[in-house]
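> sharing a model that was predicted from the sequence below.
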Amino acid sequence: MDTADVQGDLEDILLTPEQISTRIAEIAREIESDLEGETPLLVGVLRGAVMVMADLSRELRLPLEMDWMAVSSYGNDHKSSGVVKILKDLDTAMEGRHVLIVEDIVDSGLTLSWLLENFRSRGAQSLRVMTLLRKPDAMTVDVPLDYVGFDIPNKFVVGYGLDYANRYRSLTSVAVLKPEVYGGNPPE
Ligand code: XMP
Ligand code: MG
């Protein structure tokens, strides 16, 4: 869906489809050189990472496999608590694999920090993280990120997989949602 269709709900377009695809191609070249000769397992975190997974995986000139996880974070006061529940686990064994976690956004970093801890016990040969977006001003834990698409301001954004109330995921851009759309506290 084009951003023009929901222009009234959006404050700012942060990233255009062209900026996103250019950056994803750059990151794909880095990943290719880091994982040359390997067949990595890409693990997408549902549901926000669907678009970045689709574009990154098709850009990569590497044989690869894809799998998905769904997690929910128990929040307090609209903030991620770092206590995470696995709603859907991987169908693929990680043992001996080069694993690349593909994320849409790292906000506080708590969800990813938990996920990394969980993954570390599963015997992967290597574990890397790619996130399209990072909010440096919101991060409360230091999480090692291997590939970061863009640093963005600490504002609630939607589009390119990211939602508010499960809407706006199909926007081709990443945009700041007008606070009056959600009213009060920024949602999770
Ligand atoms: P933490 O704080 O654990 O949270 O790094 C990561 C998860 O929070 C959601 N999130 C957002 N979703 N726009 C969204 O649509 C945002 O600006 C935003 N910030 C955080 C998202 O589900 C992410 O995986
Ligand atoms: Mg969400």
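Thanks, I have the structure now. Ligands and ions are numbered 1, 2, ... in the order given.

> rest of the way, CA atoms for contacts and neighbours
Noted.

> please, which helix or strand holds Ala175?
strand 174-177 (DSSP states H and E).

> for the longest helix along the chain, packing partners?
Looking across the chain with DSSP state H, the single longest helix is helix 17-34. If contacts are counted by 3 or more Cα pairs under 8 Å, 6 or more residues apart in numbering; DSSP states H and E, helix 17-34 sits against helix 50-59, strand 147-151.

> how about those in a markdown table, adding distance to ligand 1?
As requested, these are arranged in a markdown table below (distance: least, Cα to the nearest ligand atom, whole Å):
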| stretch | distance to ligand 1 |
| --- | --- |
| helix 50-59 | 11 |
| strand 147-151 | 12 |
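
> can the strand holding Ala175 be found next to ligand 1?
No. Using Cα under 6 Å from any ligand atom, strand 174-177 stays clear of ligand 1, with a minimum separation of 7.8 Å.

> list the buried residues of the helix or strand following that strand.
The first helix or strand that comes after strand 174-177 along the chain, using DSSP H and E, is helix 179-182. Within helix 179-182, the residues that qualify as buried are Pro179, counting by 16 or more other Cα atoms under 10 Å.

> what does stretch 133-153 give?
Quick answer for stretch 133-153 (16+ other Cα under 10 Å): 133-135, 143, 147-150, 152.

> dump that stretch to PDB, keeping only the CA atoms.
Presented in PDB, the C-alpha positions along stretch 133-153 are these (Å, rounded to 0.1, in the frame of the first residue of the first chain):
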ATOM      1  CA  LEU A 133      15.900  -0.400  12.300                       C
ATOM      2  CA  ARG A 134      17.500   0.600  15.600                       C
ATOM      3  CA  LYS A 135      16.400   3.300  18.100                       C
ATOM      4  CA  PRO A 136      19.700   4.100  19.800                       C
ATOM      5  CA  ASP A 137      18.000   6.500  22.300                       C
ATOM      6  CA  ALA A 138      15.600   3.700  23.500                       C
ATOM      7  CA  MET A 139      18.100   0.900  24.000                       C
ATOM      8  CA  THR A 140      18.400  -0.100  27.700                       C
ATOM      9  CA  VAL A 141      20.600  -3.200  27.100                       C
ATOM     10  CA  ASP A 142      23.600  -3.600  25.000                       C
ATOM     11  CA  VAL A 143      22.900  -6.200  22.300                       C
ATOM     12  CA  PRO A 144      25.400  -7.100  19.800                       C
ATOM     13  CA  LEU A 145      24.100  -6.200  16.300                       C
ATOM     14  CA  ASP A 146      26.000  -7.300  13.300                       C
ATOM     15  CA  TYR A 147      24.000  -5.500  10.600                       C
ATOM     16  CA  VAL A 148      21.900  -2.400  11.200                       C
ATOM     17  CA  GLY A 149      19.900  -0.900   8.400                       C
ATOM     18  CA  PHE A 150      19.100   2.500   9.900                       C
ATOM     19  CA  ASP A 151      19.200   4.300  13.200                       C
ATOM     20  CA  ILE A 152      16.000   6.200  13.800                       C
ATOM     21  CA  PRO A 153      14.600   8.600  16.400                       C
END
